[in-house]
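Enquirer: sequence-free structure coming up:
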């Protein structure tokens, strides 16, 4: 039985490092153009080259997204971009559009092509067609059922298949939505989605401009198009058993905390199953880790249609079981018994005397006490008066690893 790849989002170089340190086998990332997450930060050409080199030095893989639906004006720049990708040699290019596919075959002939979820592949005939054209992997549509995936696997045994297992999903077919473009002029299919599906809507009476009527599920209103988040944690073993090649996690715009925890949880779950498939039971403690990072209510969406599928109409707000307070940038120095002086990238306000939970890349969890805070110039503080890099003195009986997460449980 083949171990599936854990594929994590990498919105920038920092998140890429977290993904690899916490258990991802591969990441997907984007350049500054042609990806569907223009607000994710993304990578310059120089950063992409460095990211590919880093991934390969760690024995990992990196796939570059170019999954917009291009207009005529995009083709020439896309040719130049694919030619550049051919020189840095990522492990795949993720594409939605047939024209972009043909450009990639010419300009980057040695780079495998993955067909994006945006292409909405729902059946084995489509998968076979892409395979005949030279695609290496299909990212199956989110609207597909487990039984259909199983049949595709049986009829396409030598095609790599990837599915989403975690993260935000779209109310529109595989994300091909026009709401954002219609309401704001920002084209979701060019990477500029404003997530209009998450907004709160009201009715306006046609003959009485400015007179509104609330559309209410409860006293907070109703979010008509708001989707829950996908979480296939409890069914991973079913997908492993039918031979899925890659488990993909959504979230290039999410925090390093999200990237670290999701990579770690899904990697651990797969390892547990592979170690002893016959006695495998999904680990509830691992699942509870997923609730500690930013998410909406969970659903397994369309994979098992016998279950009731519902939207989250009450709120578009995120839920989190802990606050990401920062992370350790470097290993630091032990300055006395159980006291470490360490560089921390601060994301939340913390005070001297606070007890903070640590999550390490080796998946240890323990509490530490903040006994000192100072700026890089040596000025001492009683709290983290600004975000960014600060020096913290932490009392800990455990070694503090680089890229360990600091978090405050809520």
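Expert: Ah, there it is. None of these values were measured; they are calculated from a predicted model. Numbering: from 1, shown residues only.
Enquirer: Any stretches of the chain with poor pLDDT?
Expert: 35-41, 171-206, 212-225, 308-316 (pLDDT under 70).
Enquirer: one more time with 80, if that's ok
Expert: 33-41, 170-227, 306-318 (pLDDT under 80).
Enquirer: distance of the closest residue to residue 351 other than its chain neighbours from residue 335?
Expert: Of all residues not flanking residue 351 in the chain, residue 383 sits nearest, at 4.4 Å (CB to CB, 6 or more residues apart in numbering). Glycine gets a C-beta too; all of them are placed from N, C-alpha and C. For residue 383, the distance to residue 335 equals 21 Å [CB to CB, to the nearest Å].
Enquirer: Same question for residue 238.
Expert: Taken as CB to CB, the span from residue 238 to residue 335 is 50 Å.
Enquirer: Does residue 410 touch residue 319 like I think?
Expert: No: counting by CB atoms under 8 Å, residue 410 sits too far from residue 319 to count as a contact (9.8 Å).
Enquirer: quick one: which of those two has more around it?
Expert: Using other CB atoms under 10 Å as the criterion, residue 410 and residue 319 rank with residue 319 on top: 15 against 9.
Enquirer: ok so residue 342 is a helix residue?
Expert: No: using DSSP: H, G, I helix; E, B strand; the rest coil, the secondary structure at residue 342 is strand, not a helix.
Enquirer: Could you tell me how many residues sit around it?
Expert: Residue 342 has 23 neighbouring residues, counting by other CB under 10 Å.
Enquirer: Repeat that for residue 63.
Expert: Neighbour tally, residue 63, other CB under 10 Å: 26.
Enquirer: Kindly report the same for residue 120.
Expert: Residue 120 has 18 neighbouring residues, counting by other CB under 10 Å.
Enquirer: mind checking how far it is from residue 232?
Expert: Applying CB to CB, the value for residue 120 to residue 232 is 19 Å.
Enquirer: give me every residue that touches residue 239.
Expert: Contact analysis of residue 239 by CB atoms under 8 Å, 6 or more residues apart in numbering lists 4, 146, 149, 163, 165, 232, 247.
Enquirer: on that earlier part again, which one of residue 238 and residue 335 is surrounded by more residues?
Expert: residue 238 (15 against 12).
Enquirer: The more buried one: what secondary structure?
Expert: Put simply, residue 238 is helix when judged by three-state DSSP.
Enquirer: now do residue 152
Expert: Criterion first, three-state DSSP; result for residue 152: helix.
Enquirer: Ok, residue 287 next?
Expert: Residue 287 falls in the helix class when you classify it by three-state DSSP.
Enquirer: begin at 51 from here
Expert: Sure, I'll start counting at 51 from here, so that last one is residue 337.
Enquirer: That one: what's it in contact with?
Expert: Counting by CB under 8 Å, 6+ apart, residue 337 touches 283, 284, 315.
Enquirer: 6 Å instead, please
Expert: Taking CB atoms under 6 Å, 6 or more residues apart in numbering, we find residue 337 in contact with residue 283.
Enquirer: Compute the distance between it and residue 325, please.
Expert: Taking CB to CB, one finds residue 337 at 18 Å from residue 325.
Enquirer: Kindly report the same for residue 349.
Expert: Taking CB to CB, one finds residue 349 at 28 Å from residue 325.
Enquirer: can you pull the buried residues of stretch 132-142?
Expert: 132, 135, 136, 138, 140, 141, 142 (16 or more other CB atoms under 10 Å).
Enquirer: Check whether the third one really touches residue 155, as I assumed.
Expert: By that I understand residue 136. No: counting by CB atoms under 6 Å, residue 136 does not reach residue 155; the two are 11.0 Å apart.
Enquirer: what's the neighbour count on residue 328?
Expert: If you count neighbours by other CB under 10 Å, residue 328 ends up with 4.
Enquirer: now the one 10 residues further on
Expert: By other CB under 10 Å, the residues close to residue 338 number 11.
Enquirer: Next, the residue in the chain sticking out farthest from the centre: secondary structure please.
Expert: Farthest-out residue of the chain from its mean C-alpha position, per CA atoms, centre = their mean: residue 257, at 45.2 Å. In the three-state summary, residue 257 is assigned as coil, counting by three-state DSSP.
Enquirer: on that earlier part again, what two of the contacts of residue 289 have the greatest distance between them?
Expert: Using CB to CB, the pair of the contacts of residue 289 lying farthest apart is 54 and 196, separated by 14.7 Å.
Enquirer: When these two are compared, which one has more neighbours?
Expert: Legend: neighbour count by other CB under 10 Å for residue 54 and residue 196, higher for residue 54 (24 against 18).
Enquirer: middle-most residue in this structure, spatially?
Expert: residue 301 (2.6 Å).
Enquirer: mind listing the helices for this structure?
Expert: 63-72, 95-107, 122-138, 148-157, 174-183, 196-205, 229-234, 286-291, 306-325, 334-340 (DSSP state H).
Enquirer: follow-up on the earlier one: next up, the contacts around the residue farthest from the centre of the chain.
Expert: By CB under 6 Å, 6+ apart, residue 257 lies in contact with nothing.
Enquirer: Could you check how far it is from residue 297?
Expert: Taking CB to CB, one finds residue 257 at 53 Å from residue 297.
Enquirer: What of residue 322?
Expert: In this view, residue 322 and residue 297 are 14 Å apart by CB to CB.
Enquirer: Between the two, which is the more surrounded one?
Expert: residue 297 (24 against 18).
Enquirer: So that one is in contact with residue 53, correct?
Expert: No: between residue 297 and residue 53 no contact is recorded; they are 10.3 Å apart, counting by CB under 6 Å.
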